[in-house]
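Asker: Could you look at this predicted model? Sequence included:
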Amino acid sequence: MRHLVFLAALACAGAGLADTPAAIEPDDDKPIPRSIFLVDDKGDATHLETGWICPAVFGDYRRANLHNYNAYGLDVPCGYASTDSTITLYLTKNSGGDLKGEFESAKDALVHRATDAAPLADADQTTFPSDRDWLHAIYSSHNGAMRDGVWYAWYGDWEFEIRATYPAQSTAAMFAMLAQMTQAARATGDHLARCAKSATPLRDGALVTDKDRLMQLSVLGSIMSMAQLASDPKADPASHKVATLAPAEWCAEAAVPNVEAPVLMLHALDANGAGLPLDRAMLMTYEDAPVLESAADPEIALVLSEMHKNGPPLYVVSRKNGDTFIVHRFYDGRPDGAALAQIFADLQAGKARVYMSFDPKTKNVNIVMPPKG
């Protein structure tokens with residue numbers, strides 16, 4: 001599908017060489033899921049899975065296309081057009097993939113479909129300045145009047161791909177624009193490199209089902225929530241027991257196939273790139289993406305240490321609804337994506353269990369009694 005989009009851009013650019021602007025395949029009629037791209041008031045789009053930003057405007061280029069080829073946001077392009085050129089940027093998660101194979105495939109598609117495309121001589125295969133090693137190839141087409149180029153590089157375990165069509169006399173301007181675009185994505189590349197180095201967490205937690213223990217955890221969690229609300233937020237963290245996890249960044253992992261509630265798993269890293277006992281499950285939706293957080297609770301574990309000395313860490317699964325935090329499940333150990341996806345499915349069916357909730361603004365804490373029997 002990608003190659004067809006690129007070739008449509010080439011055809012439009014070539015047809016419009018005389019007096020019409022270049023074009024990129026328009027977006028589909030359906031909207032872009034807000035669980036993948038969040039578009040602000042300026043039109044700048046942030047890719048939620050990676051933090052990559054696709055601005056509405058890059059110099060003389062306006063974003064003409066914002067798309068997704070993967071329901072979980074793991075394969076996304078941003079397309080730009082000026083009066084005579086097109087640029088499409090792609091970011092694709094491809095852990096363990098073959099970058100050279102993808103590059104060769106893109107070249108083959110260009111050669112077989114673009115009008116009289118022929119590779120430039122090796123001496124003319126220049127490119128834009130970059131701190132990354134790019135695989136690239138530039139072709140001449142339309143009797144030498146146009147240039148068609150493809151570039152590939154790893155950003156962590158994601159592929160960053162560029163496809164550009166431009167007049168031959170605009171080569172210097174095109175390279176300057178590509179340098180600007182890739183420099184703007186540098187922070188994303190650094191983030192994805194840190195994520196690629198982090199191990200996917202082992203998730204083998206067991207759901208807590210004992211009703212007496214669930215009640216104990218709910219009460220204890222409520223007491224701790226009230227204590228946290230009453231504490232001075234400016235006080236030294238060591239002066240009170242409530243521990244908070246402060247992730248520096250979130251790393252997208254993989255889709256969790258679930259027909260009822262498709263979710264994407266993410267794990268957290270601290271400022272040093274080390275993994276935290278904290279996960280997110282993000283529901284794929286066209287609306288604002290609901291998120292479940294699964295976090296080890298060191299405070300509850302400390303309080304219950306005498307009862308569970310040798311047990312796995314306790315994980316609390318919660319979500320935020322407005323200002324209210326709602327606890328849905330407790331696990332001995334880290335729960336997996338399928339378990340978190342099931343909570344979303346239960347929420348959609350109106351049967352998700354709630355054990356406690358608290359609102360930091362109103363200081364309202366509720367404990368929900370488990371059913372008898």
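Answerer: Good, I have the coordinates.

Asker: where in the protein is pLDDT low?
Answerer: Within the chain, the stretches with pLDDT under 70 are 1-30, 221-245, 297-310, 369-373.

Asker: Enumerate the helices of it by residue range, in sequence order.
Answerer: Applying DSSP state H to the chain gives helices spanning 2-15, 99-113, 171-184, 186-197, 211-230, 298-303, 337-348.

Asker: ok, now which ones touch residue 129?
Answerer: Applying CB atoms under 8 Å, 6 or more residues apart in numbering to residue 129 gives the contacts 175, 179. All C-beta atoms are positioned from the backbone trio N, CA, C, and that covers glycine.

Asker: With residue 177 as the reference, measure out to it.
Answerer: As judged by CB to CB, to the nearest Å, residue 129 and residue 177 stand 12 Å apart.

Asker: same check, this time on residue 32
Answerer: In terms of CB to CB, residue 32 sits 24 Å off from residue 177.

Asker: do the same with residue 202
Answerer: Going from residue 202 to residue 177 by CB to CB gives 44 Å.

Asker: hmm, back to that, and residue 32 and residue 177? which has more neighbours close in?
Answerer: Neighbours per residue (other CB atoms under 10 Å) separate residue 32 from residue 177, with residue 177 holding more: 22 against 18.

Asker: Verify the stated contact: the more buried one with residue 59.
Answerer: Yes. The pair residue 177 and residue 59 qualifies as a contact (CB atoms under 8 Å) at a distance of 6.0 Å.

Asker: quick one, what contacts residue 62?
Answerer: Here residue 62 is in contact with 56, 80, 81, 82 (criterion: CB under 8 Å, 6+ apart).

Asker: Around the first one, count how many other residues there are.
Answerer: Taking other CB under 10 Å as the criterion, the count of residues near residue 56 is 15.

Asker: For burial, what's the neighbour tally of the closest residue to residue 55 other than its chain neighbours?
Answerer: Excluding its sequence neighbours, the residue lying closest to residue 55 (CB to CB, 6 or more residues apart in numbering) is residue 44, at 4.8 Å. Per other CB under 10 Å, the neighbour tally for residue 44 reads 15.

Asker: where's residue 155 relative to residue 179, distance?
Answerer: If you go by CB to CB, the gap between residue 155 and residue 179 works out to 16 Å.

Asker: for residue 344, that is, sorry about that
Answerer: 42 Å.

Asker: which residues of the stretch 201-350 of the chain fall in strands?
Answerer: Secondary structure of the stretch 201-350 of the chain (DSSP state E, counting those that start in this stretch): strands located at 206-207, 249-256, 263-269, 275-283, 291-296, 314-321, 324-332.

Asker: Please work out which of the ones you listed is packed deepest.
Answerer: strand 263-269 (a mean of 24; mean count of other CB atoms under 10 Å).

Asker: what pairs with that one, and is each one parallel or antiparallel?
Answerer: Applying DSSP bridges, strand 263-269 is found paired with strand 249-256 (antiparallel), strand 275-283 (antiparallel).

Asker: quick one, which of the ones you listed is nearest to residue 289?
Answerer: strand 275-283 (5.1 Å; CB to CB).

Asker: can you list the residues that contact that closest one?
Answerer: The contact list for strand 275-283, computed with CB under 8 Å, 6+ apart, reads 35, 48, 198-199, 201, 203, 245, 247, 250, 256, 261-270, 289-296, 313, 315, 334-335, 337, 340-341, 343-344.

Asker: cutoff 7 Å now
Answerer: Applying CB atoms under 7 Å, 6 or more residues apart in numbering, the contact partners of strand 275-283 are 35, 198-199, 201, 245, 247, 250, 261, 263-270, 289-296, 313, 334, 337, 340-341, 344.
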